[in-house]
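A.B. asks: fold the stuff below for me.
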Amino acid sequence: MRILAIESSCDETAVAIVEDGRRILTDCIASQVALHREYGGVVPEIASRKHIEAIYGLAEQALENTGLTRGELDAVAVTYAPGLIGALLVGVNFAKAAALALDVPLIPVHHIKGHIAANYLAYPDLEPPFLCLVVSGGHTMFVDVEDYTKLRILGGTRDDAAGECFDKVARLLGMPYPGGAALDRAAQGGDPSRYPMPRPHLSGNPLDLSFSGLKTSAVNLIHNAGQKGEQIVIPDLCAAFSEAVCGMLVPRAMLALEQTGRKTLAVAGGVAANSRIRAALQRETAARGVRLCMPPLSLCGDNGAMIGAQAYYEYLAGNIADQTLNAYATRSMEGEAL
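C.D. replies: Predicted coordinates for the structure are as follows:
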C-alpha cells in the first residue's frame, strides 16, 4: 500500500511516499529554519504562508522521485493535530483536496503517533508492545505503546517541554535557531559540575516532570552574570543544563520500563538527537538488557515518512476521515476522536 503523507505542523513542509508502513520510497522536506532564524523562533503566520508555497511542489517532487503516477497512490495521510493551527490547516486542506481528486482514502495522523512510528521505519522488525520516550520541541512524555493505534500516556511534563527549554536557554546564550542542536554541540567537552542545576521531583505520579524550574534557574544565572559583568563559561553551562535534563529523563524512563515490564525502549522526537541523552539511554538500557530503538537523526525531526508509517496502521484499524476533517492545535493521543 503506497501512501502519500503530508506533514506541516510547524516549520517544515514535508511530503513522503511510504509503502506498507515500513519502507520510505521518498521523503521530501522544505525546511524554514533559515527563514525563522532571523526571529529566533518560528513565526506562525510566516510558517503558514511558506507551507502554502511549498506543498504542491513537494508533492510533485515526491511523484517524480519515485516514478509513480497519481493513479498508483492508494491513500493520502496528513498530520491533523497537534501543532500550529494555521500550518496544520494548510496540510489538512491540501490532503483533503488530494484524496478527493484521487478518489482514495484520507487518513488522519496524530503528530506524536507519527514521531513514535519513525521507529518502524528505522527498525522494520519492531512491533508493539514497547515503551516510548517522546521528547520533541513541544512534548515530553512516556508512552506505553500497547498496539499500533492504542497508546497510553504514563507520565510527562506538567509545564515546559524539554525541547522548549533547550531552545530558550540557547537563545539567551546567543546561539542560532534551532537552539537545541547548537547547545548540544557547545556542551561537548564542558564541565557539568561548574553550574549546579535543579532536578525537581514532583508529588503524585513519579513519571511526571517539571522543567520550568530548571529553565528559570538557567535563565536567572545568565541574566545575573550579565548584570554583574561576569563571563559565563558557555560549554560548562550547556553541559550542566544538558546533564540536568538527561538526569530527569533517563531515570524515569528506566522506572517506566520497570513499571510496565517492557523489554524494548524506543525514543522519538527532535530532542532524541541530543548526544548526551542518547549516550545515557544506551548505557542504562544495556545494563538492564533492554533493547533500545533510536531513529537516525534524519527521522528524529519532523518529516513526512513518519506520518506515512503511522497512517498505514491507522488505515488497517479503520481510522479513515471524510471531507469534514479539521485541524486541531491541541489533541490527546488517548481516545482521540475525529
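A.B. asks: can you list the domain ranges for the protein.
C.D. replies: Segmentation of the chain into domains, based on automatic domain parsing, reads 2-116+299-316, 128-297.
A.B. asks: right, so those: which one is the most enclosed?
C.D. replies: Looking across the domains of the chain with neighbours counted as mean count of other C-beta atoms under 10 Å, the highest average goes to domain 2-116+299-316: a mean of 21. (Each C-beta comes from the backbone N, C-alpha and C, glycine too.)
A.B. asks: how long is that one from one end to the other?
C.D. replies: Using C-alpha to C-alpha, to the nearest Å, one end of domain 2-116+299-316 lies 13 Å from the other.
A.B. asks: what sits against the nearest residue to Ser9 once chain neighbours are set aside?
C.D. replies: Sequence neighbours aside, Gly83 is the residue nearest to Ser9 in space, at 2.9 Å (criterion: C-beta to C-beta, 6 or more residues apart in numbering). Counting by C-beta atoms under 8 Å, 6 or more residues apart in numbering, Gly83 makes contact with Ser8, Ser9, Cys10, His111, Ala327, Ala329.
A.B. asks: which of the domains of the chain sits closest to Gln323?
C.D. replies: domain 2-116+299-316 (5.6 Å; C-beta to C-beta).
A.B. asks: ok so, going back, which one of the domains of the chain lies closest to Ala122?
C.D. replies: Proximity to Ala122 (C-beta to C-beta) singles out domain 128-297 among those, at 4.2 Å.
A.B. asks: and the domains of the chain as CSV, adding mean pLDDT and distance to Asp322?
C.D. replies: Shown next, in CSV, are the domains of the chain (pLDDT from 0 to 100; distance: least, C-beta to C-beta, whole Å):
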stretch, mean pLDDT, distance to Asp322
domain 2-116+299-316, 95, 7
domain 128-297, 93, 18
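A.B. asks: in JSON lines, list these along with distance to Ala122.
C.D. replies: Shown next, in JSON lines, are these (distance: least, C-beta to C-beta, whole Å):
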{"stretch": "domain 2-116+299-316", "distance to Ala122": "6"}
{"stretch": "domain 128-297", "distance to Ala122": "4"}
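A.B. asks: can you tell me which of those comes nearest to Glu334?
C.D. replies: Closest to Glu334 of these, according to C-beta to C-beta: domain 128-297, at 6.0 Å.
A.B. asks: that closest one: how far from the chain's middle?
C.D. replies: Offset of domain 128-297 from its chain centre (C-alpha atoms, centre = their mean, to the nearest Å): 13 Å.
A.B. asks: start to end distance for that domain?
C.D. replies: Taking C-alpha to C-alpha, domain 128-297 runs 22 Å from one end to the other.
A.B. asks: what sits up against stretch 56-67?
C.D. replies: The contact list for stretch 56-67 (C-beta under 8 Å, 6+ apart) reads 4, 6, 13-17, 25-26, 28-30, 69-70, 94, 98.
A.B. asks: let's go with 6 Å and repeat that
C.D. replies: Val15, Ile17, Leu25, Thr26, Cys28, Ala30 (C-beta atoms under 6 Å, 6 or more residues apart in numbering).
A.B. asks: biggest separation within those residues, which pair?
C.D. replies: Maximum pairwise distance among the contacts of stretch 56-67 (C-beta to C-beta): 18.0 Å, between Leu25 and Ala30.
A.B. asks: direction included, what does whichever helix or strand Thr79 is part of pair against?
C.D. replies: Here Thr79, judged by DSSP states H and E, is contained in strand 75-81. Sheet pairing for strand 75-81, assigned by DSSP bridges, gives strand 2-7 (parallel), strand 106-110 (parallel).
A.B. asks: just checking, what packs against the helix or strand that comes right after it?
C.D. replies: Using DSSP H and E, the helix or strand that follows strand 75-81 in sequence is helix 85-102. If you count contacts as 3 or more C-beta pairs under 6 Å, 6 or more residues apart in numbering; DSSP states H and E, helix 85-102 packs onto helix 44-66, strand 75-81.
A.B. asks: repeat that for 7 Å
C.D. replies: Secondary-structure packing of helix 85-102 (3 or more C-beta pairs under 7 Å, 6 or more residues apart in numbering; DSSP states H and E): strand 2-7, helix 44-66, strand 75-81, strand 106-110.
A.B. asks: tell me the angle it makes with strand 2-7.
C.D. replies: With axes from the mean of the first three to the mean of the last three C-alpha atoms, to 10 degrees defining the directions, helix 85-102 sits at 160 degrees from strand 2-7.
A.B. asks: got the angle between helix 85-102 and helix 44-66?
C.D. replies: Computed by the same axes, to 10 degrees, the angle between helix 85-102 and helix 44-66 is 30 degrees.
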